[in-house]
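> sequence unknown, structure follows:
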């Protein structure tokens, strides 16, 4: 063996041996300065509030400031694209909601790929979609609602926060799965959409449980079923779709944490560990519950697989219903 080849192999072996130590050093050194957490929606909503709660806990546990910056516009695309373009060093964290998995199909100009361009950290928390109806319909459960809609095609309508929003897509998923004909009426936000259902004008809706819970608890609308594998602790008397005698239909409003693609795995693992630890704290659970969220905290690999599945699911709904942005 030539001297040059021996030197090359020795160098390669040394580099391989040093990699675990380099990864450990990266994790130990992080964070050495403040970390920006991008929230691509406006301040004050459940996504923003839950992210600020977690940023506070990360600041306390990691001894550096995690500060939230709201970067709004284009249905969240502006903030998500800006986060994607930052250095993959762990100092820009992205908090995402359902638009992250919906926009790439809904808007052909979406400037990122949710699978390729980000490193998943964890699905932090989620709240299920709940199917609600005004009492004037007379439907006391999902079976009665579907029977009513099948007997009266095109007669009834459902409200949503706007075209392409999670409530709209959940309604279209419901229509496709059960072969019912109900008319979509978009509003300019979740509040006006919920008020329309409370008033009986659009007597059906598919809001996030966190949005609908106060109205259900106040007997203003009836909660028929949650589109989730399990019941919500916020409304434990409302059955799942499976319990109601139908398929395992799922539609979640969620908050997920990611980093730009190429971020060091030790940093991903460190953030995942700290977030999961925070999610187990009693005060965090209590605060998330007031927002209608259940803590999740799955692994980076599990979150990555979940993202792929959600993108595919909503792409099928969007294309099947031919949903276009106005």
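Received the coordinates, thanks. Only a predicted model underlies this, so the values are computations on that prediction, with no experimental measurement involved.
> Distance of the closest residue to residue 32 other than its chain neighbours relative to residue 183?
Leaving aside its chain neighbours, residue 32 sits nearest to residue 64 (7.2 Å; criterion: Cβ to Cβ, 6 or more residues apart in numbering). The way it works is simple: take the backbone N, C-alpha and C, and place the C-beta from them, glycine included. Distance of residue 64 to residue 183, computed by Cβ to Cβ, to the nearest Å: 51 Å.
> same thing with residue 257?
Going from residue 257 to residue 183 by Cβ to Cβ gives 37 Å.
> how about the strands of the stretch 51-200 of the chain, start to end?
Shown for the stretch 51-200 of the chain, the strands assigned by DSSP state E, counting those that start in this stretch span residues 66-70, 92-96, 118-133, 157-160, 183-186.
> Next SSE downstream of the worst-scoring helix or strand of the chain on mean pLDDT?
The helix or strand of the chain with the lowest confidence, counting by mean pLDDT, DSSP states H and E, is helix 3-29 at a mean of 47. As assigned by DSSP states H and E, the chain's next helix or strand after helix 3-29 is strand 35-39.
> Next, the angle strand 66-70 makes with that next one.
Interaxial angle of strand 35-39 relative to strand 66-70 (axes from the mean of the first three to the mean of the last three Cα atoms, to 10 degrees): 30 degrees.
> Pull up the pairing partners for strand 35-39, direction included.
Sheet pairing for strand 35-39, assigned by DSSP bridges, gives strand 66-70 (parallel), strand 92-96 (parallel).
> Format those as TSV; extra columns: mean neighbour count, mean pLDDT and distance to residue 243.
Formatted as TSV, these follow (neighbours: other Cβ atoms under 10 Å; pLDDT from 0 to 100; distance: least, Cβ to Cβ, whole Å):
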stretch	mean neighbour count	mean pLDDT	distance to residue 243
strand 66-70	17	98	37
strand 92-96	25	98	30
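> I'd like to know which of those strands is closest to residue 289.
Proximity to residue 289, assessed across those by Cβ to Cβ, is greatest for strand 92-96 (18.9 Å).
> Count the neighbours of the closest residue in space to residue 277 that isn't next to it in sequence for me.
Excluding the flanking residues, the one nearest residue 277 by Cβ to Cβ, 6+ apart is residue 61, at 7.1 Å. Using other Cβ atoms under 10 Å, residue 61 has 14 other residues around it.
> Quick one: low-confidence residue ranges for the protein.
1-28 (pLDDT under 70).
> center of it - which residue?
residue 254 (2.6 Å; Cα atoms, centre = their mean).
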